[in-house]
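S.K.: Sequence first, then the predicted structure, then my questions.
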Amino acid sequence: MKKELPREFLWGGAVAAHQIEGAWQEAGKGISIADVMTAGSNTTQRQITDGVLPDTYYPNHEAIDFYHRYREDIQLFKTLGLKCFRTSISWARIFPKGDETLPNEAGLQFYDDLFDELLKNGIEPVITLSHFEIPYQLYETYGGFKNKKLIDFFVNYADVVMRRFKDKVSYWLTFNEINNQADGQHSLHTWTNSAVLIEADEIAEEVIYQASLNELIASAKVVKLGHEINPAFKIGAMMAYVPVYPFSAKPEDQMAASKVMERRYFYSDIHARGVIPSYTLKDWEQKGYQIDYTESELQSLKEGTVDYIGFSYYMSGTVTTQKEETVSGHKIPDFPNAKVVKNPYVKASDWGWQIDPVGLRYVLNTVYQRYNLPLFIVENGFGAYDKLSDEGQIHDGYRIAYLKAHIQEMKKAILDDGVPVIGYTPWGIIDLVSFGTGEMEKRYGMIYVDKDNAGKGTLERRIKESYTWYQKVIQSNGEEL
Ligand code: BG6
């Protein structure tokens, strides 16, 4: 019998509001945490400024101006054949300061119009509630998610949008890549996940645990509430899965890799199983961390387990306990007793991200074995420099090769291993502002946007070779790669 992907498989594309919309002050929108992030590069960190400073370039303020151009962009998505489009609602458009009780109608109207336009063109919206767009004032007044008050603010925001869009959106995700912050060395991650900056007298890890747990409680409450609003809602977690392999067969290396993975599993274990894992409770006890939670919050975790696991997959990592190995300078930070090293069996992108398609099959298998829940690959893609040919075309064979290899491995997981996968939405279907570096020239799109790292360009859109390739992939339901 011929093995085929299910007819209802959701081929799509993914973006986030702050990386495409621009219009940072339009129609009553408040300042979000992304609005105070400057441009960086492969070698320079983005800075988080104290409010919006004059004479400073903030790449997300205009982004690719999707806010004003979405109708034309959706026509390109339609011709591409997208069945779904993953984006986020910018929290600061709905609650400009974050702690109001009543929402900003103009913000809601924008998303009403956007979702109508998608649906009219046969494209299903897949919506992230929090993708690095927390209202800035929630940091200024409350210190971000380390403060429990944010749980209620988030639930109120989710309540408003889930009611408003209950007949337009079925697939929801709560917090984007909620586990990024576990790699606590990067202030960018605690900032974008939780609107938290670590103070000099704080223990970073303890604060991150507290903010993370508060978010997991908020997420669970929203899952329960969402099912009351519309029982047909499918509400998922959103994890960044970077599988971490042991460098060698040395048992200590295996143990180290497994311990490093616990940092990620802490989040999806709570999302999916509704309890704080025993390895985390032990960690808190051993380190003397005072993490604040109540019986009623533990009950909320139990009552709000997710319907599916959404995740991003870009790369794998490798760790060793063998100190003599050279450290690679890879983007994953070191862990106690485990050094991050280069994997000799895989190549890396220009930004040092290890390219490992088999790792995607491995993640699909291991995560499904762990939770028995449907999975949704809501991000996967290749950030690269693109060049316009003399004829004005973009031949991005390297991107096609990356996507093709990952789709092949995804198909093996579905068709040979029996893993249920809802869909596949490659990241940055249209060029957008890089989250990590703030660059425009780290491009993921199948649609080129004329804009450079300094913010110059006409914003004109042009299709790339990968666009035509993906069109065929979707038309053939993944048969023609
Ligand atoms: C994920 C995020 O980290 O990966 C996206 O969910 C991000 O927001 C994407 O853009 C790629 O990362 P980067 O740093 O290359 O933009």
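M.R.: Noted; the coordinates are in hand. No experiment lies behind these values; they were computed from the predicted model shown. Numbering: from 1, shown residues only.

S.K.: Look up the closest residue to whichever residue of the stretch 251-400 of the chain sits closest to the ligand, ignoring the ones flanking it.
M.R.: Proximity of the stretch 251-400 of the chain to the ligand (C-beta to the nearest ligand atom) peaks at G383, 4.5 Å away. C-betas here are computed from N, CA, C, even on glycine. Among residues not flanking G383 along the chain, K442 sits closest, at 4.3 Å (C-beta to C-beta, 6 or more residues apart in numbering).

S.K.: What pLDDT is listed against that neighbour?
M.R.: You'll see K442 listed with a pLDDT of 97.

S.K.: Count residues in the vicinity of it, would you?
M.R.: By other C-beta atoms under 10 Å, 25 other residues sit near K442.

S.K.: Who are the contact partners of it?
M.R.: N42, W351, G383, A384, Y385, S434 (C-beta atoms under 8 Å, 6 or more residues apart in numbering).

S.K.: Now render those as JSON lines, adding pLDDT, neighbour count and distance to M446.
M.R.: Rendered in JSON lines, the data for the contacts of K442 read as follows (pLDDT from 0 to 100; neighbours: other C-beta atoms under 10 Å; distance: C-beta to C-beta, whole Å):
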{"residue": "N42", "pLDDT": "87", "neighbour count": "14", "distance to M446": "22"}
{"residue": "W351", "pLDDT": "88", "neighbour count": "17", "distance to M446": "19"}
{"residue": "G383", "pLDDT": "96", "neighbour count": "22", "distance to M446": "13"}
{"residue": "A384", "pLDDT": "96", "neighbour count": "17", "distance to M446": "12"}
{"residue": "Y385", "pLDDT": "97", "neighbour count": "11", "distance to M446": "16"}
{"residue": "S434", "pLDDT": "98", "neighbour count": "24", "distance to M446": "16"}
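
S.K.: where are the low-confidence patches of the stretch 101-250 of the chain?
M.R.: Across the stretch 101-250 of the chain, the ranges flagged by pLDDT under 70 are 185.

S.K.: give me every residue that touches L150.
M.R.: L150 neighbours (C-beta under 8 Å, 6+ apart): G98, L138, Y142, G144, A195, N214, A218.

S.K.: related to what we said a few turns ago, just checking, the residue of the stretch 251-400 of the chain closest to the ligand touches I355?
M.R.: No - applying C-beta atoms under 8 Å as the test, G383 and I355 come out as separate, 11.1 Å apart.

S.K.: any common contacting residues for those two?
M.R.: Residues within reach of G383 and of I355 at once, by C-beta under 8 Å, 6+ apart, are S349.

S.K.: sec struct for the residue of the chain found nearest the ligand, please.
M.R.: In the chain, the residue that lies nearest the ligand is G436 (2.6 Å; C-beta to the nearest ligand atom). Put simply, G436 is coil when judged by DSSP: H, G, I helix; E, B strand; the rest coil.

S.K.: Which element, helix or strand, includes the closest residue to it other than its chain neighbours?
M.R.: Ranked by C-beta to C-beta, 6+ apart and with sequence neighbours excluded, the top spatial neighbour of G436 is L188, at 7.3 Å. Assigned by DSSP states H and E, L188 belongs to helix 187-194.

S.K.: Please list all residues in contact with L108.
M.R.: The neighbours of L108, taking C-beta under 8 Å, 6+ apart as the test, are I94, V160, V161, R164.

S.K.: shaky segments in the stretch 251-400 of the chain?
M.R.: 323-337.

S.K.: Quick check: residues of it near the ligand?
M.R.: Counting by C-beta under 6 Å from any ligand atom, the stretch 251-400 of the chain comes close to the ligand at S312, E379, G383.
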